[in-house]
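Enquirer: Let's see this in three dimensions:
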Amino acid sequence: MASLPDFKVSLKELIAAPSISSTQSSWDQGNKAIIDLLAGWFSSLDFEVFIHQVPNTRNKFNMLAKLGHGEGGLLLAGHSDTVPFDENRWCSDPLKLTESSDRFFGLGTCDMKGFFAFILQLAKQLNAKHMKKPLYVLATADEETTMAGARFFAEQQLIKPDVAVIGEPTNLVPVVMHKGHMSHRISVKGQSGHSSQPHKGVNAIEIMVQVINQLQSLKTTLTQNYHNPAFDVPEPTLNFGAIKGGDNANRICGHCDLDIDMRSLPGIKDEELIQWLADALAPLAQQYPDRISFEELHPSSPSFKQEPQSALVEFAQHASGHTCCAVNYATEAPYIQQLGCETIVMGPGSIDQAHQPNEFLSFSQVSATHTLLLELVNRFCMTLK
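Expert: Prediction:
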């Protein structure tokens, strides 16, 4: 094992392999370099390694590694991509691992390349001959944008683990619920003209004002009718994220777009949200025929819920010393759950550092994470239950 890097060096090499995922083609990068890096490490530890290109992506790949034989077992999963960065807001090079104030700094240290560095150190301690059930390691593509890698992996149904842990940064608190996410663009088509003759045009902004009023009513209805106290924002949310329209003060606005996102509670289906949105706009669509439309901006991510009365949740709470919780952001958990396994989100680092300049992983998380991962493997791969 001497040829394999230690934790610090492996984290350094992962950070140095850029794998930005973005809807803007100027930022978007392939992830083959980091997938090949991981594949090489796990292959040298006698894992069976499988690499699959993700359809309809810009040169993106998933990696699945397997150690041991038999059915069930444990899946440790994470995404290989990061968000874009503004180098001017960083105090160090985002693609170079830096140590300061008892912290590792670098893009992906907690979200979430660091998780793979932990898994590598864990894997060095394992012997397949002593394993009763397999350990799987999954590295996905494009979690930060479309979640295409996790969607594709769920479609493939290559494995059927008993349990899965997704190592997003939760400060090692087991997460058993999160909201879903979808984003749409509502467009209003008006008729441009000179502002001195408003009766000869149709002002798209004026119609959009009415659209916003309808959506405000929908927001109120969601708040009044749906509530889950497990979340610190207990109701579904509808956010007005961006609006643009018109081109000059003395022209009637001929077109206006409003971008919104909606975050659903577990138990609310995407189809229901879409129907509520359509119902809210229906009166205006009748009043202004063929002028109002909406379209999905990005593929939606469903909400997630793992029943707390499960072997995985009970063990994770005991081993981590933390009570399970719910979070407002979305993860790959609902797709991994489609494999038929008990699923939680639990990993080192804080979500407060994710997507931020000077992202870091505290030294204090290192020993606790190593211990927790080893206990998970001992429980779900080394013994028969």
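
Enquirer: Helices of the protein, residue ranges please.
Expert: 7-16, 32-44, 113-124, 148-156, 204-225, 270-287, 311-320, 333-337, 364-380 (DSSP state H).

Enquirer: Identify each buried residue in the fourth one, please.
Expert: By neighbour count, and taking 16 or more other CB atoms under 10 Å as the criterion, the buried residues in helix 148-156 are A148, G149, A150, R151, F152, F153, A154. Every residue, glycine included, has its C-beta placed from N, CA and C.

Enquirer: List the contacts of K244.
Expert: Neighbour list for K244: C256, D257 [criterion: CB atoms under 8 Å, 6 or more residues apart in numbering].

Enquirer: Roughly how far does it sit from F360?
Expert: Relative to F360, K244 is positioned 36 Å away (criterion: CB to CB, to the nearest Å).

Enquirer: With A16 instead?
Expert: If you measure A16 against F360 using CB to CB, the figure is 16 Å.

Enquirer: From the neighbour counts alone, determine which of the two ranks first.
Expert: Per other CB atoms under 10 Å, whichever of A16 and F360 has more neighbours is F360, with 21 against 18.

Enquirer: If we ignore the residues flanking it in sequence, what's nearest the more buried one?
Expert: The spatial neighbour of F360 that comes closest, neighbours along the chain excluded (CB to CB, 6 or more residues apart in numbering), is R103 at 4.2 Å.

Enquirer: mind listing what the one you found touches?
Expert: With contacts taken as CB under 8 Å, 6+ apart, R103 has the following neighbours: F360, L361, S362, F363.

Enquirer: Enumerate every residue touching the closest residue to the second one other than its chain neighbours.
Expert: Taking CB to CB, 6+ apart as the measure, L361 lies nearest to T109, with 4.2 Å between them; neighbours along the chain are not counted. By CB under 8 Å, 6+ apart, the contact list for T109 reads L11, I15, L97, G349, Q353, E359, F360, L361.

Enquirer: can you map out the strands along the stretch 101-250 of the chain?
Expert: Secondary structure of the stretch 101-250 of the chain, counting by DSSP state E, counting those that start in this stretch: strands at 103-105, 135-140, 163-166, 175-178, 181-189, 193-194, 237-245.

Enquirer: I'd like to know which of these lies nearest to K305.
Expert: If you check each of the strands of the stretch 101-250 of the chain against K305 by CB to CB, strand 175-178 wins as the nearest, at 4.8 Å.

Enquirer: Now do the closest one: everything it contacts.
Expert: 168, 228, 230-231, 266, 303-308, 313, 324-331, 333, 344-346.

Enquirer: Tell me who's in contact with Q317.
Expert: For Q317, the residues meeting the contact criterion (CB under 8 Å, 6+ apart) are P174, T323, C324.

Enquirer: Among those residues, which one sits closest to Y288?
Expert: Checking those against Y288 with CB to CB, the nearest one is C324 at 47.6 Å.

Enquirer: What about that closest one, how many residues nearby?
Expert: As a measure of burial, C324 has 21 neighbours, counting by other CB under 10 Å.

Enquirer: can you start the count at 528 instead of 1 from here on
Expert: All set: I'll call the first residue 528, so the last point we hit is now C851.

Enquirer: Surely it is in contact with V700?
Expert: Yes. Under the criterion of CB atoms under 8 Å, C851 makes contact with V700 at 7.5 Å.

Enquirer: what's the overlap in contacts for these two?
Expert: Residues touching both C851 and V700 (CB under 8 Å, 6+ apart): there are none.
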